[in-house]
Every structure is written in structure tokens, then in C-alpha cells.
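A.B. asks: here are the coordinates; sequence isn't available:
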């Protein structure tokens, strides 16, 4: 908390600092619930006496149910106070996590993961809608930088703690720990978060299905969803096989593997807020492009490596995650400026759903490309790298279109209210280029 406060002292009010910290911890609990299951695989396979395909279904059940729930909830997302909506879905997430913590067998656990995904999958979209409602565009990069630290924090602190608890008190204990933490976060939301309902005044003739249909039929929104699809594809394709590639192709031992993830996570925690601040200072699209360039270079090198020293593997992973984090933070911040105020909840819901489903599809495609030999070595990993690079390049083009939409909106806002324009569009050169591009389009 002190780090957030000192970094943002002159930018955010005390209440906004509290909201940033609260949303970061909330995201941490949701991300940890999703990520902690994979490291528990060895215990679950033995204690529940299930096959690898059954375990894979338990893992994917969360992602697909989350994607479905995001679409179902999108039509209603702008009809309620965002605080109440967040509490509703977070309560369902806590219940689902508790069910995981008391699951006696495979089928109970599978149902519990579906329940957790149905509720947990909507929380990120509500969080992003809240960020968009409460923070101006020119500071959203910093906000995203802190909130997205949840991913790195879960990798550095959450997963090791979860494994420690599982080794001493059984595989149920990490889920009960997450449920306990989430309960405290829920109480903080109830007691201290103010209502977020300004968007309700913008709704006219509200009908959930019509609202959803309008959201998914707008050209600018569809382009944003396409960019999210490719953004998720680039991220999720390498992830499922990262540990196996490190062990069997790079020669990293199972004892050394936690060190790789821990050091990488620590650097990601540091780089996230810095990338967010930089995106607010020089422009979100510029940082996205820089992060993409770094990611492409490292992916092309990483996926073609053979036996590699530990220090070099860690260094490459650190640079790659810095590039990926920069892309995600800058891209997410830019994406928040796409929807109209009255469509934010629906847009974020569909966008989150697209991300969840795209991640599942990307993992499936990666499994079709990569082949594991009898010795464990992965083949065609460099082919997977080429696919990821191609997705990244197309995403750059789509994000440029989105960037131009945002610039046009900001220019229009500056005409209507000169004091409303953000730092993102203060450059006279940018405004001129946007005007030229608009006329050419």
C-alpha cells in the first residue's frame, strides 16, 4: 500500500488510492484461484484418482464457463450500480471457491470449478468498467499497471504459498485460504466502496438483449474484440507448454523451475507500474508497440533455444515478460477508452468473455502444433513462436485503428470542452495527424 501511495501521491486522491489497492487485491484473489489449480495437478491426479484428460477438463471448465457467463451478463452489466454488481459476482466467486475447498471427489470439484468460473469470469470486466468510470484516460495506464500486478503477485507469492499449504494440509487448503482472503476483500467493498452509478442516467429504453445486440454490432467494438482475441492468442499459446519446454528442451531441472518463475514474477511486479506510468506519459499505443517489438524479438529467440544455462533462461524470461506485461497494460488501458459511457459494462463483459474463450482456443491450437517425443522434448515449438509473432503483428495494426478512434474521440471532446482533453492528445502533431487520417478514411 505504501508503494502505491508514494508513487501516486500527486496524481490520485486518497479514495482513488484505496480503490486501486482494493481492485488489485481483488484481482489477485481471482487470478490466484485460476492459477493455483495447475500446480496442484500431481496431488489431484493421485488423491482423486483421475486421468490427465479429466484434470484438463477441470482446468478448462473455469475458462469456458467464465467466457459464457461474460456474454450472458454483458446485456445487464450497465443496468446496475457497479458496486452491487461486483458484490453479487464476487459473492458467487467466494461460494464457488469454498465448494472447491470442500470437494470430496472429481465430479464435485468439476461442478465447483464451473460455478467459480461463472461468477469469477465476470469480475475482471466489472473491474475494468469501474476503472474507466473513476479514472481519467491519462492516468489509466498507471492504474492498470498496479491492478495488473495481480498476475505477477500470484506467481511470486500466491502459488508458492498455495503449494506450501497443500503440502502440509492437503490440496483443499489453498482454496479455503483464497476464500478467506476474498471474504475480507468483500467486506472492504461493502464498507468503504462508494456507489458507482453515474452510467445509469445515460441508459434509455433499457432492454438487456437489445443492449447486448447493439454492443456486439458496432464496428469499432468489433475491431476491439478482434484485437482482444489476438492479444489473448499471443499470450496463451506459449503458456501451457512453458514449464515442459524449460525442463525438456532448455535443460532446467524441476528444482530450478520455481526460481525461474519467482525471479520473473518479481521483475514483472516492478515493470508493470513503470510500464503503466510510461504509457500515460508518452502514449499507450507507443508503449504497446515497444512492448510488442520486445516480445517478438524474445519469442523468436526463446522458441528456438536448446540446452541453456539457468541465468540466461531467467534473463530471457524476464525480458519476455516485461514486453508482454507492457503490451497487456498499455493495450488494456487503451481499450478502456473505446466504449461509450453507457456501454462500458456491456463492452467490458463481452471483451472479457472473448479473452477467456480465445485463451482456451489458443491453448487447444498450441496443443495441435506442439508434439512431445518419447524423451519429453517438444518439437515444433519454433512454429508456435512464428504463429504467436504473426498474431502480435496483426494486433499492432488493429490496435492502431483503436488508437485512432480514441484520438478522434479526444479531439471531439477537446472541441466541446477544451479542459476535458487528456495528456494522450495534447500534442498538436497528433491532433493534425488524426484530422488527416479522418479525412483520408
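C.D. replies: Cool, got the structure. A quick note: this is a predicted structure, and the numbers were derived from the prediction, not measured.

A.B. asks: Could you find the closest non-adjacent residue to residue 362?
C.D. replies: Nearest residue to residue 362 in three dimensions, chain neighbours excluded: residue 236, at 4.0 Å (CB to CB, 6 or more residues apart in numbering). C-beta here means a position set from N, CA and C on the backbone, and glycine is covered the same way.

A.B. asks: check contacts around the one you found.
C.D. replies: Going by CB atoms under 8 Å, 6 or more residues apart in numbering, residue 236 touches 358, 359, 360, 362, 363, 366.

A.B. asks: helix, strand or coil for the fourth one?
C.D. replies: When you say that, I think you mean residue 362. The three-state label given to residue 362 by DSSP: H, G, I helix; E, B strand; the rest coil is helix.

A.B. asks: Local confidence estimate at it?
C.D. replies: Each residue has a pLDDT score; the one for residue 362 is 77.

A.B. asks: residues of stretch 191-199 that come out buried?
C.D. replies: By neighbour count with 16 or more other CB atoms under 10 Å, stretch 191-199 contains the buried residues 193, 196, 199.

A.B. asks: Could you dump those residues into TSV and include secondary structure and pLDDT?
C.D. replies: Listed next are the buried residues of stretch 191-199 as TSV, based on DSSP: H, G, I helix; E, B strand; the rest coil; pLDDT from 0 to 100:
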residue	secondary structure	pLDDT
193	coil	93
196	coil	89
199	helix	75
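
A.B. asks: Among those, pick out the one closest to residue 265, please.
C.D. replies: For the buried residues of stretch 191-199, the residue nearest residue 265 by CB to CB is residue 193; the value is 28.1 Å.

A.B. asks: got a list of what the closest one touches?
C.D. replies: By CB under 8 Å, 6+ apart, residue 193 lies in contact with 19, 22, 83, 86.

A.B. asks: Excluding chain neighbours, what is closest to the last one?
C.D. replies: With CB to CB, 6+ apart as the measure, residue 126 is the residue that lies nearest to residue 86, at 4.8 Å, once sequence neighbours are left out.

A.B. asks: Same question for the first one.
C.D. replies: Nearest residue to residue 19, sequence neighbours excluded (CB to CB, 6+ apart): residue 134, at 6.3 Å.

A.B. asks: for the buried residues of stretch 191-199, which one is nearest residue 245?
C.D. replies: residue 193 (42.0 Å).

A.B. asks: and the closest one, how far is that from residue 145?
C.D. replies: Using CB to CB, to the nearest Å, residue 193 is found at 21 Å from residue 145.

A.B. asks: Likewise for residue 175?
C.D. replies: Applying CB to CB, the value for residue 175 to residue 145 is 29 Å.

A.B. asks: three-state assignment of the nearest residue to residue 47 once chain neighbours are set aside?
C.D. replies: The shortest distance from residue 47 to any non-neighbouring residue, by CB to CB, 6+ apart, is to residue 171 (6.6 Å). With three-state DSSP as the basis, residue 171 sits in coil.

A.B. asks: now the one 3 residues further on
C.D. replies: Secondary structure assignment for residue 174 (three-state DSSP): helix.

A.B. asks: Which of the helices or strands spans residue 76?
C.D. replies: Using DSSP states H and E, residue 76 sits in no helix or strand.

A.B. asks: Dihedrals phi and psi, it?
C.D. replies: phi -100, psi -10 (degrees, to the nearest 10).

A.B. asks: ditto for residue 378
C.D. replies: Here is the backbone geometry of residue 378 (degrees, to the nearest 10): phi -90, psi 130.

A.B. asks: what sits against residue 117?
C.D. replies: By CB under 8 Å, 6+ apart, the residues touching residue 117 are 61, 62, 63, 64, 65, 66, 69, 96.

A.B. asks: So which of those is the closest to residue 354?
C.D. replies: Using CB to CB, residue 66 comes nearest to residue 354 of the contacts of residue 117, at 11.3 Å.

A.B. asks: Hmm, the closest one is touching residue 115, no?
C.D. replies: No. With contact defined as CB atoms under 8 Å, residue 66 does not count as touching residue 115 (10.9 Å).

A.B. asks: Same drill for these two, tell me which one is more crowded.
C.D. replies: Comparing residue 66 with residue 115 by neighbour count (other CB atoms under 10 Å), the higher total belongs to residue 66, at 29 against 21.

A.B. asks: residues of the host helix or strand of residue 133 that come out buried?
C.D. replies: Secondary structure assigned from DSSP H and E places residue 133 in helix 106-134. Across helix 106-134, burial judged by 16+ other CB under 10 Å covers 106, 109-110, 112-134.

A.B. asks: Then stretch 165-180?
C.D. replies: Neighbour counts over stretch 165-180 (16+ other CB under 10 Å) mark 165, 166, 171, 172, 173, 174, 175, 176, 177, 178, 179 as buried.

A.B. asks: could you say what helices and strands the helix or strand where residue 15 lies packs with?
C.D. replies: Using DSSP H and E, residue 15 falls within helix 14-35. Here helix 14-35 touches helix 2-7, helix 82-102, helix 106-134, helix 140-147, helix 149-153, helix 159-169, helix 173-192, going by 3 or more CB pairs under 8 Å, 6 or more residues apart in numbering; DSSP states H and E.

A.B. asks: now the helices for the stretch 151-300 of the chain?
C.D. replies: Applying DSSP state H, counting those that start in this stretch to the stretch 151-300 of the chain gives helices spanning 159-169, 173-192, 208-217, 219-236, 242-244, 257-282, 284-302.

A.B. asks: Please work out which residues outside the fifth one touch it.
C.D. replies: Counting by CB under 8 Å, 6+ apart, helix 242-244 makes contact with 257, 372, 376, 378, all of which sit outside it.

A.B. asks: Kindly recompute the last result at 7 Å.
C.D. replies: By CB atoms under 7 Å, 6 or more residues apart in numbering, the residues outside helix 242-244 that reach it are 257, 378.

A.B. asks: Can you tell me how far the residue nearest to residue 151 when sequence neighbours are not counted is from residue 123?
C.D. replies: Closest residue in space to residue 151, ignoring its immediate chain neighbours: residue 31 at 5.6 Å, by CB to CB, 6+ apart. In this view, residue 31 and residue 123 are 10 Å apart by CB to CB.

A.B. asks: One more: residue 13?
C.D. replies: Distance of residue 13 to residue 123, computed by CB to CB: 24 Å.

A.B. asks: Tell me how many other residues crowd residue 389.
C.D. replies: Using other CB under 10 Å, residue 389 is surrounded by 18 other residues.

A.B. asks: Could you report the pLDDT at it?
C.D. replies: Note on residue 389: pLDDT of 92.

A.B. asks: what's the distance between the residue nearest to it when sequence neighbours are not counted and residue 287?
C.D. replies: Closest residue in space to residue 389, ignoring its immediate chain neighbours: residue 296 at 5.1 Å, by CB to CB, 6+ apart. For residue 296, the distance to residue 287 (CB to CB) stands at 15 Å.

A.B. asks: which residue ranges form the helices in the stretch 301-441 of the chain?
C.D. replies: Remark: helices assigned in the stretch 301-441 of the chain by DSSP H, counting those that start in this stretch are 310-335, 344-369, 381-416, 428-440.

A.B. asks: All set, thanks.
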